[in-house]
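S.K.: let me see the structure of the following:
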Amino acid sequence: MARKGAIAENMEYCGLRVLCGVVNAVPYRSAMMIADGLAWFLARVVRFKRGRTLERLRAVFPGKSREEHLAIAQASLANILKTGVEMMRAYKLDRAWMNRYVLDGERYKERLQSYVDEGKGVVIMVPHSGNWYMAAWSMAKYGLPLFAIAAKQRNRKIDAWMKRQYGDIEVLDRGNPRTLVDIKTKLEAGRAFAILPDLRVPQPDVAVDFLGGKANVSHAGAMFAVRCGSPIVVAAMRREGGRHAYAHLATLRPDPAAADRKAEAERLTREAMALLDAEVREHPGDWFWYNKRWILQPVKG
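M.R.: Predicted coordinates for the structure are as follows:
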């Protein structure tokens, strides 16, 4: 991945820090209200990417009215803005904040800890829905031994800033030759691996039905579970009444007697994605309909 030039890098980073200063000067609830208002303005007045987004929603929810589609689009945009606000305020989100704004967070941490205590680690699959960062931040604040992977940003300063915002979560670099080995080692040591299924893997992998189309999903997360004997927790984080709530969708367990490990990983991947499909359909406003990365498209090659 090509690095950005020094001037562009510094300008982007300075702009980010100025925005962070403004966002952190505003009380949290006020910032959330501003995000809601801005989402309404962008969706209803500016019509930000509205045509493409409504087309996508019509394809997935043909039985809903245009106003219902627009309401989902507005809620999705508000969710994006709120997630950005929370990322910029991440250093303030301590355990006391989690107790106030994350519903039953400690109880859910204990549930995940029970899987960790089995000694084979746990793979946690969460969709890009609600604020997946909050799912990880809260569990880490409550003491779950959590790690994840993330791609490097082209801007080195923004990449370093994001790593600081991850806080208590150990983040491995996607693409690093040692990362795959490190994931297996950490699972075998009994840690929790958080992974976000990518719907646009460039090479053919596991074809799954997702939101009325075909998604090409990596089986890597499930394969780690198969190799290590780890349970797979499929969960989501929803926004409910100004707070965050966990939804435990299922706990999937690899078959230790499976002769074909890859086939078993593919089976688990399809089961997990079916659960996530149902979650997005039930709570569409939490899904990132605006992000072109999640457009379902044919695989090349």
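S.K.: for the closest residue to Arg29 other than its chain neighbours, phi and psi?
M.R.: Leaving aside its sequence neighbours, Arg29 sits nearest to Gly242 (CB to CB, 6 or more residues apart in numbering; 7.1 Å). For glycine as for every other residue, the C-beta is placed from the backbone atoms N, C-alpha and C. Main-chain torsions, Gly242, degrees, to the nearest 10: phi 80, psi 0.
S.K.: please enumerate residues in contact with stretch 184-194?
M.R.: By CB atoms under 8 Å, 6 or more residues apart in numbering, the residues outside stretch 184-194 that reach it are 112, 115-124, 126, 135-136, 139, 144-148, 169, 183, 221, 224-225, 227-228, 230.
S.K.: and those residues, which of them are in strands?
M.R.: In this view, these that belong to strands under DSSP state E are Val122, Val123, Ile124, Leu146, Phe147, Ala148.
S.K.: quick one: buried residues of the helix-or-strand element of the chain with minimal mean pLDDT?
M.R.: When the helices and strands of the chain are scored by mean pLDDT, DSSP states H and E, strand 213-217 comes last with a mean of 86. Buried residues in strand 213-217, counted by 16 or more other CB atoms under 10 Å: Ala215, Asn216, Val217.
S.K.: stretch 59-74 now?
M.R.: Result for stretch 59-74 [16+ other CB under 10 Å]: buried residues Val60, Phe61, His69, Leu70, Ala71, Ile72, Ala73, Gln74.
S.K.: of these, which belong to strands?
M.R.: Among these, no member falls in strands (DSSP E).
S.K.: which one of those sits closest to Arg52?
M.R.: In terms of CB to CB, no member of the buried residues of stretch 59-74 lies closer to Arg52 than Ala73, at 10.0 Å.
S.K.: how much space separates the nearest residue in space to that closest one that is not next to it in sequence from Asp94?
M.R.: Nearest residue to Ala73, sequence neighbours excluded (CB to CB, 6+ apart): Thr53, at 4.8 Å. Applying CB to CB, to the nearest Å, the value for Thr53 to Asp94 is 35 Å.
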